[in-house]
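> Curious how this folds, go ahead:
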Amino acid sequence: MTDTLTLNYTVDEASARDMLDGMMPAPAAMQRLSKAASVSLSAIAMIIGMLTGFAISFYAGLGEIAFSILPIGLGLGCVVACYVWARRVNRQVRQSQIDVMRPGSPVSYIFDTSGLSLKTWCQQWQTSWAGVTEIRTSDKGLVIMCGLVGFAIPRDALGDHPDATSTQITNLWTQHK
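Numbering: from 1, shown residues only. Got it, this is the predicted structure:
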């Protein structure tokens, strides 16, 4: 076994999504928070829509039927608009995070006795083995956790013998942490 291992691969769309999910657990928490916030925002939108409907019906003198239908219609319209807006914002945030991975760009990992280093088109990351908190393997590849940040390495990037490469990385970590 050598003391230095280099992995070079090109990010594709699927591995960019896997890297995003593996590298950033905070966005998952943020997505849950945004869903809770969108429910709250929808409730506020419903109240504002209904109050607006009551006010329009009352001041315009539209009659009893409009007074009962218009507030519900405006309230539901505000909820739908709020839902569409929240989905659009979440989709744009997720796409901008995928764009940082830039599918088609090269990624280089170097593992040695001092730790690991990562180099992409827009970032360089270096950490010692003491900074690595966990290494997990799965059928999709390898995830190296450093606190709240995880590095997802697709199985295809682990070479011809991905299990042996995963074992070699894990051994470097256990021997030098």
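> Show me the longest helix that occurs in the protein.
Among the elements of the chain assigned as helix by DSSP state H, the one spanning the most residues is helix 64-101.
> Summarise which helices and strands that helix is packed against.
If you count contacts as 3 or more C-beta pairs under 8 Å, 6 or more residues apart in numbering; DSSP states H and E, helix 64-101 packs onto helix 13-23, helix 25-60. Backbone N, C-alpha and C define where each C-beta goes, glycine included.
> worst average pLDDT in those?
Comparing mean pLDDT over these, the weakest stretch is helix 13-23, at a mean of 64.
> thinking again about what came up before, what lies in contact with whichever helix or strand comes after the longest helix of the chain?
Once helix 64-101 ends, the next helix or strand along the chain (criterion: DSSP states H and E) is strand 106-112. Here strand 106-112 makes contact (C-beta atoms under 8 Å, 6 or more residues apart in numbering) with 3-11, 116-121, 151, 153, 157, 168-169, 172.
> In ChimeraX, select just the buried ones from these.
Buried residues among the contacts of strand 106-112 (16 or more other C-beta atoms under 10 Å), as a ChimeraX selection:
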select :5,7,9,11,116,118,120,151,153,157,168,169,172
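> mind listing what's buried in the helix or strand containing residue 136?
Residue 136 belongs to strand 134-138 when elements are defined using DSSP H and E. The neighbour-count criterion (16+ other C-beta under 10 Å) identifies 135, 137 as the buried residues of strand 134-138.
> Poorly predicted segments of the chain, please.
Low-confidence segments of the chain, defined by pLDDT under 70: 1-2, 15-35, 93-101.
> Point out the ones among the contacts of strand 106-112 that are inside strands.
Among the contacts of strand 106-112, the ones falling in strands (DSSP state E) are 5, 6, 7, 8, 9, 10, 116, 117, 118, 119, 151, 153.
> can you put these in a markdown table and add distance to residue 161?
Compiled in a markdown table, those are given as follows (distance: C-beta to C-beta, whole Å):
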| residue | distance to residue 161 |
| --- | --- |
| 5 | 12 |
| 6 | 15 |
| 7 | 12 |
| 8 | 16 |
| 9 | 15 |
| 10 | 20 |
| 116 | 19 |
| 117 | 22 |
| 118 | 21 |
| 119 | 23 |
| 151 | 20 |
| 153 | 14 |
